[in-house]
Every structure is written in structure tokens, then in C-alpha cells.
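Asks: Sharing a model prediction with you, sequence too.
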Amino acid sequence: MDFLDIFLNANFWAASLRIATPLIFGVIGALVCERAGVLNLGIEGIFTAGAMAGWMAVWLGAGLWGGVAVAALAGAFFGLIHAILTVPLGLSQHVSGIGVTLFATSLSYFVYRTALPDVSSPPRIEPFKPLDIPGLSDLPFIGPALFQQTALTFLALFVVAATAFVLYRTPLGLAIRAVGDNPSAVESQGLSVYGIRIGAVVAGSALMALGGAFLTMSAFDAFFFGMVNGRGWICIALTVFASWRPGKALLGALLFGAFDAFQVRLQTDVGSFIPGQVFLMMPYILSIAALILVARKADYPRALLVPYFRGQR
Amino acid sequence: MIRFEPREPASLPRLILIPVAAALIALLLAALPISAAGVNVLEAYGLMGKGAFGSLFSFTEMLTRATPLILTGLAAALAFRAKLWNIGAEGQLYAGALAAVAVGTGWIDAPGVILLPLVVFAGALAGGAVMLGPTLLKTRLGVDEVVTTLLLNFVILLFVQMMLEGPMQDPMGMGWPQSEPILDQAILPKLMDRMRIHGGLIIALAAALAIHILLKRTVWGFEIRAVGENASAAAHAGLPVRATFIRVGLLSGALAGLAGVGEVAGLKGYLTADLSPGFGYSGIVVAMLAGLNPIGVVVAALFIASIFVGADSMSRATGVSNYLADLIVAMALISVLVSGLFLRFRIKFIRPHAAAASTQAASQETK
């Protein structure tokens, strides 16, 4: 096997970016929620709901972008449930998140099975096609490596930039970061801690759902049970790894995508004497390793997991 | 405006009433998906009840289904009492099952009185060992155990698949990814003729009683509750916080491991990678419905098991997808969370200007 060959192949870079795309949506979504002080373990279920709802909308004839909008709305809906439970009601963010994951997952599966009671092979849709960007897509090596992705990948990159801009360059971003660090200071400025937190969780959850939508509308063209397969939990780990910064989140997701693309290619070389499951385990083990790596210096938003009650100090 | 006023420790009737109400609400909410699937709601409920309680067979099936749920429910309840967020019972269950199969399929050929306890112990040990990792990472390095336990679930399931397609595959299994059968003398005894109900239920009930006594009557139990209430206060008071987390982690993992032992050595007889339809995750719901009370866990597990068994049988009769059961279980978790508020707080609805006046009065007082 020749490692260099892998890195010199444009397909490898294209695959890295493709694998990273749902993670980028998920990490940015989780980051927005956590920056506002709310851990959202609903992410795994919200991915599933986004994947199912987006796919089903397209299958029913809504058009691809209609599907993306439906996925985002589904994510926002489950985000709102989590937000109501954890922000004004102040319930355990851990348990509420697990509850939202169980609810969103089982509801998605139930709706899918009820709409399609007995299909042996899942029906397919016409997914997003790679964009052809004049000039850039035709560049040698760089074109196929970076600029032959679907619109959702470029949307993910735009979301990173937009989130970074909003968080660090606008009063709204300042308010979001402040409710995650020192909510009573925000309240004393006459802003609503509840409003900002609920808004951040709903928006973050909509982004998470887009990660799911990418799976059924770009990476694949159908919905499968169990297709999210822990991607949501990986995003929660990557958020810690990224120290809650959008730029680092993008970097973490890309590193993760590159590693995954690398090991798939390595598998074709050494797969004959290492069982395939070892490779499939790698993303999860890598996420745990990433958590351990940053554990000592992780700079959690100070009010993360702490419910805020109006009028209490 | 809504105001929460903390309440004195809740009375027993209220402690029982609230989860029962939550369970009923979840069942009532299930009417929406059932009618969306185009089935008569009352008929569906009737079929579910019959499926879980209609005959001796269905009742024993329900108890069989409750057996692993009691154990994973205890695993979650014990851990959550100490605010150790073990969401990894699913993986620990598989680790326990794998260890039971490793010990019980002929590697050691001993009479049942020796081999059966060994199988049970190996399963508990494996489950505990799996939870030890995330617990140590939490206490030593401050790594959040929620994410590590969740991620380990996937790693362990893949490891089980690897073993079942590799070194532990049954050579007589026609190439199916399954383990060799557990030796006859290491099988948990059946509790009734021609029924599937097995000795795992006795282990589960004994475990519930043991955890109840541990929490209520021992120093360790006191430490667990104190750490769960406020870990830093417990540390200040000189309680061994780290050691408590490690004890709880080991015990919680061991309980989930025992659930795996019961499923392979009591029910199936051999291991496949689809052993558990999410018992680990349902265990969290069981624990929350039970208010983290070990005796309550038994009752909650019976409820959740009757939902699963009842919905399965209703699904076969009407064609409503049996994901309905998972949906009811998820809704039960959310409604018990919300109704828990009525336990801990007196909830008052006050008009905004009255609220403003009362906070003003309060701030006057502090001056």
C-alpha cells in the first residue's frame, strides 16, 4: 500500500469533504445550542427526523429545496420541544435530550413505516447533483477535489461562516454567548434569557436536521433505518474538541472526514487480514480520543447545563 | 407568568400518582398515531391489553420481556442517583452477553453448579469493566461520560459482530454470525413448563431488592445519594466522591451486563448481534418512570414490557407499525419528565403585574 497515492488522489479530498458535510451541520448546530447554555442530546434523533422528513417531502413531490426546508422545520420542531423542557421548565438537559432523541427517532420510523407499509427495497428520489462551477470545477486536481460537491456542502461551508459572523460580530451573537456564560448579566440588560436560549436551540436544531437531510438527499437517495448511526453523538464530541468555535468545528469535521475517507481506502489494501468492523469502529474510537485529548483544557460555556430561573440569583 | 415554588419532599401517594399519570398520558397520546395509521383506537388498545395480559402465555411473555428491562432500568436508576450519566447500558448488555457466551459454550467444562455462577459472574464483570473506562475518564480527566458511554455502545456492538463473524462463530451455524450454543448445564432454569420465562427474572428481582437495600440501608448508599445531590458539597464533607463514582459505575455496568446474561443464558441460548432491541435505552425510560427508585423500577419495567409485548401483538393483528411501542415509550419519558415538576414544585400561574409587584416587594425587603 502506498499512503502517498491516497493523498494525491482528488477523489480522497472530495470524499473527505462529502463525509464531513453532515458533521459540519451537526457540530455547528450543537455549538449554537451549547453556546447558549443548552446541551442538546436530541441531536441523534433530530438527524433522523431531518433525514426522514426531507426525504419524504421530496418523495411526495416537494422539490429538493422544499425538502431541505421541511427537514429544517422538523428539526426546529423537535428543538422547540427540547427548548421548552430545558429552558423555562429547567428540566435535566441530559434526560430531556435523550427523550427527544427517542421521540424523534421513533416518530420518524413510525411515519416512514406507516406511509410505506410493505416495501422491500426503499424507494429512491433524485438527489442533489454535484454543482458545476464555471472555472473552478474544471481546474486540474483542485476542481475534482474541492469544487464538484453538491449545493448542500457549499451551504454547510456558508453556515460556518455565517455562524462565526453572527456569534462574534453582531449584538445577537454577543447575547447568545452571554446567556451561555452569565445569564443574569443578560437579564440585567433587559434582554430575555429564555427567548435567546429558546431561539438558539431551535435554530441549532434546524441546522442539525440539515445534516440528516444531507444523508438522504445528497449522500444517498433513500431513507434507511439506523442510517444516522451515531453521527449525532460524534458531533457532540466534536463540539467539545472544537472548544465551541465555528472555525475549529469546521476543521474538526474536515479532519474527521479525511480520516474516515483515508481508512476506507486503507481498508481496500489491508482489509483482507483486518476485519471490517475494526475500521467501522474507528470513527467512534477517534471521537472518544478527541474528547480525551482536549479534556484537560476544555473551556465549557460556564452556564452549560445550568437552568436559569428568572428572579433567582 | 409561571412561578415554581419548591415543595417539601413529596408524599408517597403523589410519588406513585405522578408516574402513573405520565404513563396514562403517553398511552392516551398514542391514540393520535394509531388513528393516523387508520385503525380504530379502542380496538387497538383492546388488542394491546390482550396481547400483554390476555392469557397465561402472553403474561409470561410480558414478564420475559420485563426481565432485561428491570436490570437495565436498575443500571440507569443507580447511576442517575449519583448523577453519573451512564447511557451505555446497551453496550454493557452486549458485553455481558458476550462474556457469558465466552465462558458458557465449552471453554470451561464444569458441572452446572460451578459453571452457571461463573457465566453470571463473567457477564456482570464484563458489563462493569465496560463502564469502568468512562467512569475513570470522568473522575481522572473530566471527560463527559454521556458521550463516551453513548459512543462505546457502537464500538461494542461492532466488536460483538466481529467476534461472531470471527473467533466465536458457531462452526455448525451454517455460516450465520452467531455464537455456539451455551452448554445445557449453564442455561438458566425455566420457571414454567412450555413458557419462555426463565431464571433471569429471579436475578432481576433479587437485584432490585439488593439495590434498594444498598441505597436505603448502607453507608455506600448514603454516599451515593449525597454525591448525587451535590458532589462538591459531598467532597467538602469528606465523602469519597471518586470512589463512589467508581463503585456506582462498576455496579451499574454489572447490572446491565446481567441483562445480557439473562438474554443469552435464559432466553436465546446463543448470541446474535440483534440480541437487544434497545433494552439499554428503554432502561433509561424505566428508571425515570420509577423516579430512580429500585422497587419502582420493577413496576415501570412491567409497564414498558407490556407496551412492547402488547404493541407487537396488536401490530400483527392490525398492521399498525410496531414502532408505535418505541413511540409510546419515548412519550412516556417526556411526560414523566414534565409531570415530575409537579412533584418538586408548587406551580403558580400569576398575572404579570402581580408578579412585578411581588418581585418589587421582594427587592424592597432585601434593602
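Replies: Received, thanks.
Asks: From now on I want contacts and neighbour counts done on CA atoms only, so please keep to that.
Replies: Fine.
Asks: Skipping adjacent residues, who's closest to the most centrally placed residue in chain B in space?
Replies: The centre of chain B sits closest to B:G283, judged by Cα atoms, centre = their mean, with a distance of 1.8 Å. Spatial nearest neighbour of B:G283, excluding adjacent residues (Cα to Cα, 6 or more residues apart in numbering or on different chains): B:G73 at 4.0 Å.
Asks: what's near enough to touch the one you found?
Replies: Contact analysis of B:G73 by Cα atoms under 8 Å, 6 or more residues apart in numbering or on different chains lists B:280, B:282-287, B:297, B:301.
Asks: Widest-spaced pair of those residues?
Replies: B:G280 and B:V297 (13.7 Å; Cα to Cα).
Asks: still on that earlier bit, check whether the residue nearest to the centre of chain B really touches B:T72, as I assumed.
Replies: Yes: in this structure, B:G283 is within contact of B:T72 by Cα atoms under 8 Å, at 4.6 Å.
Asks: which neighbours do these two share?
Replies: B:A89.
Asks: quick revisit: please list the members of the contacts of B:G73 that lie in helices.
Replies: With helices taken from DSSP state H, the overlap with the contacts of B:G73 comprises B:280, B:282-287, B:297, B:301.
Asks: Just the buried ones among those, please.
Replies: Among these, those classed as buried by 16 or more other Cα atoms under 10 Å in any protein chain shown are B:280, B:282-287, B:297, B:301.
Asks: What's the per-residue pLDDT of A:N11 here?
Replies: According to the prediction, A:N11 has pLDDT 84.
Asks: Now it: closest residue in space, sequence neighbours ignored.
Replies: A:N11's closest residue in space is A:A145 (Cα to Cα, 6+ apart), at 6.1 Å.
Asks: Tell me who's in contact with that neighbour.
Replies: Taking Cα under 8 Å, 6+ apart as the test, what A:A145 contacts is A:10-14.
Asks: So which bits of the lowest-mean-pLDDT helix or strand in chain A are buried?
Replies: Using mean pLDDT, DSSP states H and E, helix A:3-7 stands out as the lowest-scoring helix or strand of chain A, at a mean of 72. Across helix A:3-7, burial judged by 16+ other Cα under 10 Å covers A:I6.
Asks: CA atoms of that helix as CSV?
Replies: Provided in CSV are the C-alpha atoms of helix A:3-7 (Å, rounded to 0.1, in the frame of the first residue of the first chain):
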residue,chain,number,x,y,z
PHE,A,3,-0.1,6.3,1.6
LEU,A,4,1.1,9.0,-0.8
ASP,A,5,-1.1,7.6,-3.6
ILE,A,6,-4.2,8.1,-1.4
PHE,A,7,-3.4,11.7,-0.7
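Asks: Pull the residues that contact it.
Replies: A:12-13, A:262, A:265.
Asks: of all of the stretch 1-150 of chain B, which residue lies closest to chain A?
Replies: Proximity of the stretch 1-150 of chain B to chain A (Cα to the nearest Cα) peaks at B:V143, 5.5 Å away.
Asks: Settle this for me: that residue is touching B:L137, isn't it.
Replies: Yes: assessed by Cα under 8 Å, B:V143 is found in contact with B:L137 at 5.4 Å.
Asks: shared neighbours, the two?
Replies: Counting by Cα under 8 Å, 6+ apart, the residues touching both B:V143 and B:L137 are A:I292.
Asks: Now do the contacts for A:W244.
Replies: Per Cα under 8 Å, 6+ apart, neighbours of A:W244: A:31, A:34-35, A:300.
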